[in-house]
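Trainee: sharing a sequence plus its predicted fold:
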Amino acid sequence: MLKRGEQVQLSREAVADVLEAAGLAGSWTELEPMTNGFTNTVVKISHPEGPLILKIASLDSHPGKMTTEAEVMRFLYAHTDVPVPAVLDYKDGGGGLGYVLMEHVEGIPLNWLFYELPADQRRPIVRQVCQIIIELQRLRVHGRTLGSIAGPFRWDDSETLVCPRGADPVTGLGPFCSVRERYERRFEHFLARLKDVQGGRFRDFVPRFRERRSHLDPAVLDDGEPLCVAHNDICPMNLVVEPRSRVVRAVVDWESATIGLPDDDWHSLLYYWWWKWLDEEDARMTREILRELGHELPLGYGARLTWHVLTDLPRRMGQYHRYFEAEADVRSYERGLMKAVTRFLEGGGS
């Protein structure tokens with residue numbers, strides 16, 4: 001059984017077994033590590049039929065995450081214009097070798113270049129991302145239960161989808177019977193963790209978050225907004241672009257996809273992409289693009305965004321440093337985070 005943070009030691013025999021299961025047995029040569037993240041290992045395989053990507057779950061933090069990733073990508077590849085890699089095979093690990101085998105999409109992660117670009121060159125990229133989110137949100141889902149995607153989709157009728165729901169990929173709780181339950185339980189989950197993270201360094205923030213919560217109206221969370229498919233982590237590192245044309249070639253890392261609100265991916269774009277720089281111009285640009293595309297944010301979005309930030313800031317405090325190698329980057333991230341926390345707790349912005 002794999003332990004938290006433990007990485008898979010991938011043998012050539014294991015790779016051969018995966019390829020055979022996918023009907024791709026035969027000669028293959030190079031095995032190139034792409035990432036070795038906190039919960040997954042990704043390698044590129046040189047194969048006679050073309051390069052492949054093997055994503056291995058080194059920690060099954062929520063059961064069924066490889067099922068979620070594979071089934072969502074398969075459905076989107078077949079039924080939408082959302083750019084995703086073709087899935088060749090997958091298996092959920094249950095503590096063993098869980099994986100998704102997919103085609104390799106040529107390009108680079110958007111975060112390699114995005115933040116170095118001037119605003120006029122970022123704009124066409126953000127426009128593409130907005131179009132992808134709009135396309136994704138056309139997939140309205142039957143029912144009111146929120147949670148991870150735990151199996152294949154099927155059409156209920158010509159307009160709505162049905163799929164089994166699993167636990168919330170963010171917390172491992174749920175599935176939830178309402179939007180209000182999702183936010184309330186996430187809030188309590190992350191506050192409980194905040195008491196002990198980094199030796200209790202952030203413990204004094206717990207009553208301050210509760211005070212901020214006391215001024216929010218939970219009634220704004222359940223206004224009947226139809227549910228849809230949400231990627232739940234649309235960020236630059238999960239977008240593959242062609243570096244010269246800057247065309248988005250693929251959206252990757254669907255393991256946290258959920259049945260949720262149309263809000264969810266707009267939160268990622270309008271909040272996560274820009275919050276740590278507190279760059280209001282970038283957020284304003286995104287809203288301008290939406291208007292150009294004839295799209296409006298969901299009714300009540302602003303009020304629900306405040307609830308999202310209420311749960312997301314405690315989640316990030318003391319976490320996510322695994323993405324930074326240099327100590328200076330860690331310190332810069334922490335300064336931006338704490339600036340956002342202070343601003344939020346004082347009632348400024350979202």
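Mentor: Received the coordinates, thanks.

Trainee: separation between the residue lying closest to Arg316 once chain neighbours are set aside and Arg208?
Mentor: Closest residue to Arg316 apart from its sequence neighbours, by C-beta to C-beta, 6 or more residues apart in numbering: Leu337 at 6.0 Å. For glycine as for every other residue, the C-beta is placed from the backbone atoms N, C-alpha and C. Distance from Leu337 to Arg208, counting by C-beta to C-beta, to the nearest Å: 15 Å.

Trainee: looking at those two, which has the bigger crowd around it?
Mentor: Between Leu337 and Arg208, Leu337 has the larger neighbour count (other C-beta atoms under 10 Å), namely 18 against 15.

Trainee: helices or strands up against whichever strand or helix holds the more buried one?
Mentor: Per DSSP states H and E: Leu337 is located in helix 327-345. Using 3 or more C-beta pairs under 8 Å, 6 or more residues apart in numbering; DSSP states H and E as the contact test, the elements touching helix 327-345 are helix 205-214, helix 301-316.

Trainee: before we move on, back to that, can I assume the residue nearest to Arg316 is in contact with Met317?
Mentor: Yes. In this structure, Leu337 is within contact of Met317 by C-beta atoms under 8 Å, at 6.7 Å.

Trainee: which other residues reach stretch 336-350?
Mentor: Stretch 336-350 is contacted by residues 205, 208-209, 211-212, 215, 271, 275-278, 302, 305-306, 308-310, 313, 316-317 when judged by C-beta atoms under 8 Å, 6 or more residues apart in numbering.

Trainee: just name the shakiest helix or strand of this structure by mean pLDDT.
Mentor: None of the helices or strands of the chain scores lower by mean pLDDT, DSSP states H and E than strand 31-36, at a mean of 72.

Trainee: that strand: what's the following helix or strand?
Mentor: Next element after strand 31-36 (DSSP H and E): strand 40-45.

Trainee: can you give me the buried ones in that following strand?
Mentor: Using 16 or more other C-beta atoms under 10 Å as the test for burial, strand 40-45 gives Asn40, Thr41, Val42, Val43, Ile45.

Trainee: before we move on, what about stretch 71-85?
Mentor: For stretch 71-85, burial by neighbour count (16+ other C-beta under 10 Å) applies to Glu71, Val72, Met73, Arg74, Phe75, Leu76, Tyr77, Val82, Pro83, Val84, Pro85.

Trainee: what is the distance between that stretch and the centre of its chain?
Mentor: Distance of stretch 71-85 from its chain centroid, counting by C-alpha atoms, centre = their mean, to the nearest Å, is 16 Å.

Trainee: before we move on, what about stretch 116-132?
Mentor: Mean-position distance between stretch 116-132 and its chain equals 19 Å (C-alpha atoms, centre = their mean).

Trainee: pull out the buried positions in it.
Mentor: Residues Arg122, Ile125, Val126, Arg127, Gln128, Val129, Cys130, Gln131, Ile132 are the ones in stretch 116-132 that count as buried (16+ other C-beta under 10 Å).

Trainee: got it, and stretch 190-206?
Mentor: Taking 16+ other C-beta under 10 Å as the criterion, stretch 190-206 shows Phe190, Leu191, Arg193, Leu194, Phe202, Phe205 as buried.

Trainee: per-residue pLDDT of the last one, please?
Mentor: It stands for Phe205. Looking at Phe205, its pLDDT is 95.

Trainee: check what pLDDT the closest residue to it other than its chain neighbours gets.
Mentor: Once flanking residues are discounted, Phe205 sits nearest to Leu194: 6.4 Å by C-beta to C-beta, 6+ apart. Looking at Leu194, its pLDDT reads 91.

Trainee: isn't Leu194 right up against Arg203?
Mentor: Yes. Using C-beta under 8 Å, Leu194 is in contact with Arg203, at 7.2 Å.

Trainee: circling back: in JSON lines: the buried residues of stretch 116-132, plus distance to Val105 and secondary structure.
Mentor: Shown next, in JSON lines, are these (distance: C-beta to C-beta, whole Å; DSSP: H, G, I helix; E, B strand; the rest coil):
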{"residue": "Arg122", "distance to Val105": "21", "secondary structure": "helix"}
{"residue": "Ile125", "distance to Val105": "16", "secondary structure": "helix"}
{"residue": "Val126", "distance to Val105": "20", "secondary structure": "helix"}
{"residue": "Arg127", "distance to Val105": "20", "secondary structure": "helix"}
{"residue": "Gln128", "distance to Val105": "15", "secondary structure": "helix"}
{"residue": "Val129", "distance to Val105": "16", "secondary structure": "helix"}
{"residue": "Cys130", "distance to Val105": "20", "secondary structure": "helix"}
{"residue": "Gln131", "distance to Val105": "18", "secondary structure": "helix"}
{"residue": "Ile132", "distance to Val105": "14", "secondary structure": "helix"}
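
Trainee: quick one: which of those residues is nearest Asp17?
Mentor: For these, the minimum distance to Asp17 (C-beta to C-beta) is 34.3 Å, reached by Ile132.
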